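> just need the structure, nothing else, for what follows:
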Amino acid sequence: MSLSHETLLMLKRWNTPTIYNGWEQITNRDPARDSFNKEPTYDYMPELGPMVGYAVTVKIQPSKRNHVPNIPKAWSEYREYVASIEGPKIVVVQDCDKPNLVGAFWGEVNSNIHRALGCVGTIIDGAIRDLDEMKNAGFKALARGMCVGHAYSSPVDWGGDVEVFGRIVKSGQLVHADKHGFLAIPSEDEEGLLEASIFMDKNECDTVIRSARASSGKTTREILDSINDAGIEFNDAVSKRFGSSGEW
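Numbering: from 1, shown residues only. Alright, predicted model coming up:
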C-alpha cells in the first residue's frame with residue numbers, strides 16, 4: 001500500500017465521479033477505456049457512502065459441486081491471502097457463472113469474517129444475500145443481483161486478475177466505488193490523485209457552477225455569456241495546473 005491511511009480517508013469523502021475527474025488529469029491511460037466499470041452495477045448500501053481500498057481478488061463458480069476438491073482447505077488458503085494484503089481492502093469477485101445467478105458468495109457470515117480481516121466491502125459480478133445482515137456488519141456491496149441460496153460458492157482461484165462488469169481488476173489495485181460504479185486506479189496514478197480530485201472539484205465550484213447558480217435576474221443572453229466566460233476560466237485553470245485542455 002503506497003497511500004497513507006489519512007489520504008485514503010480523504011479519498012473516501014468524495015464520490016467516485018469526483019475521483020475520476022481528478023484521475024483523468026494525471027493519468028497517461030485512456031480515461032474512456034481503462035478506468036471504470038463498463039456494465040451497470042447496483043449499490044445495495046448507498047447509505048454507507050463511498051468505499052475505498054485495495055483489491056483482493058477471487059473467482060467463484062457456484063454451479064460446480066466438485067469444482068474445489070477440498071473446500072475447507074480452499075477457504076483457509078484464501079483467507080490467508082486476504083489477510084496478507086494491507087487494508088482497507090475491497091473484495092473483487094468474478095462469478096464464472098455469469099450471467100446466471102446460481103448462488104451468493106456473500107451473506108451474513110462471510111461479510112463478518114471479511115470485516116474482521118480488514119475488508120470494507122465487495123464488488124461482485126454475481127449475487128449477494130442476507131442484505132440487512134450485511135448492512136449491519138457495515139460491509140458495503142456493489143453487485144449484479146441477489147439470490148436466496150449460496151449453492152456451491154467457494155473460492156476457486158484468488159490473487160490474480162479478475163474481470164468484473166467489463167473491467168479487469170488486479171490484486172492490490174486501488175479501488176474507489178459508490179452508487180455510480182467503481183474506478184480501478186493504476187498504481188502509477190495513486191500519488192497526486194487526492195490533490196487533483198480536490199482541485200477539479202473546487203475549480204468547478206469556483207467557475208461554471210458559480211456562474212450557473214448566479215443566473216437569477218439575468219437575461220438568457222447574459223446567462224449564456226456568463227457560462228461561456230466561466231468555461232474559459234475553468235479551462236485556463238486546468239491548463240495551468242495540469243497542462244491539459246479543459247472540458248468547458
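
> where along the protein do the strands fall?
42-43, 51-60, 89-95, 104-106, 119-128, 140-146, 157-158, 162-164, 167-169, 174-178, 181-185 (DSSP state E).

> any chance of CSV for these, columns mean neighbour count and distance to Gly217?
C-beta here means a position set from N, CA and C on the backbone, and glycine is covered the same way. Shown next, in CSV, are the strands of the chain (neighbours: other Cβ atoms under 10 Å; distance: least, Cβ to Cβ, whole Å):
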stretch, mean neighbour count, distance to Gly217
strand 42-43, 18, 39
strand 51-60, 25, 42
strand 89-95, 26, 47
strand 104-106, 25, 53
strand 119-128, 26, 46
strand 140-146, 22, 43
strand 157-158, 18, 60
strand 162-164, 21, 49
strand 167-169, 19, 46
strand 174-178, 25, 36
strand 181-185, 23, 38
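
> could you tell me the end-to-end distance of stretch 79-92?
Chord length of stretch 79-92, first to last residue, is 14 Å (Cα to Cα, to the nearest Å).

> now do stretch 137-156
25 Å.

> ok, now stretch 40-52?
Note: stretch 40-52 ends 19 Å apart using Cα to Cα.

> same question for stretch 146-159.
25 Å.

> same check, this time on stretch 65-79
Stretch 65-79: ends 21 Å apart by Cα to Cα.

> okay, now the domains of this structure?
Following automatic domain parsing, one gets these domains for the chain: 5-187, 194-242.

> dump the ones you listed into JSON lines; add distance to Trp248 and mean pLDDT as well.
Below are those laid out as JSON lines (distance: least, Cβ to Cβ, whole Å; pLDDT from 0 to 100):
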{"stretch": "domain 5-187", "distance to Trp248": "12", "mean pLDDT": "95"}
{"stretch": "domain 194-242", "distance to Trp248": "3", "mean pLDDT": "93"}
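
> let me have the strands of the chain in a markdown table, extended by distance to Ala83.
Shown next, in a markdown table, are these (distance: least, Cβ to Cβ, whole Å):
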| stretch | distance to Ala83 |
| --- | --- |
| strand 42-43 | 26 |
| strand 51-60 | 9 |
| strand 89-95 | 10 |
| strand 104-106 | 18 |
| strand 119-128 | 10 |
| strand 140-146 | 20 |
| strand 157-158 | 12 |
| strand 162-164 | 19 |
| strand 167-169 | 19 |
| strand 174-178 | 18 |
| strand 181-185 | 22 |
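
> list phi and psi for the residue of the chain most remote from its centre.
In the chain, the residue that sits farthest from the middle, by Cα atoms, centre = their mean, is Thr219; the gap is 41.6 Å. Taking degrees, to the nearest 10, you get phi -70, psi 160 for the backbone angles of Thr219.

> which residues touch it?
For Thr219, the contact set (Cβ atoms under 8 Å, 6 or more residues apart in numbering) is empty.

> coming back round to it: among the strands of the chain, which is nearest Leu3?
strand 174-178 (7.1 Å; Cβ to Cβ).

> tell me which of the strands of the chain lies nearest to Glu247.
Closest among the strands of the chain, using Cβ to Cβ: strand 181-185, at 17.5 Å.

> just checking, what packs against that closest one?
Under the contact definition 3 or more Cβ pairs under 8 Å, 6 or more residues apart in numbering; DSSP states H and E, strand 181-185 sits against helix 16-26, strand 167-169, strand 174-178.

> next, the angle strand 89-95 makes with that strand.
110 degrees (axes from the mean of the first three to the mean of the last three Cα atoms, to 10 degrees).

> mind saving the C-alpha coords of strand 181-185 as PDB?
What follows is strand 181-185, C-alpha atoms only, in PDB (Å, rounded to 0.1, in the frame of the first residue of the first chain):
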ATOM      1  CA  GLY A 181     -20.000   2.400 -10.000                       C
ATOM      2  CA  PHE A 182     -16.300   1.900  -9.400                       C
ATOM      3  CA  LEU A 183     -12.900   3.200 -10.600                       C
ATOM      4  CA  ALA A 184      -9.800   0.900 -10.600                       C
ATOM      5  CA  ILE A 185      -6.800   3.100 -10.400                       C
END
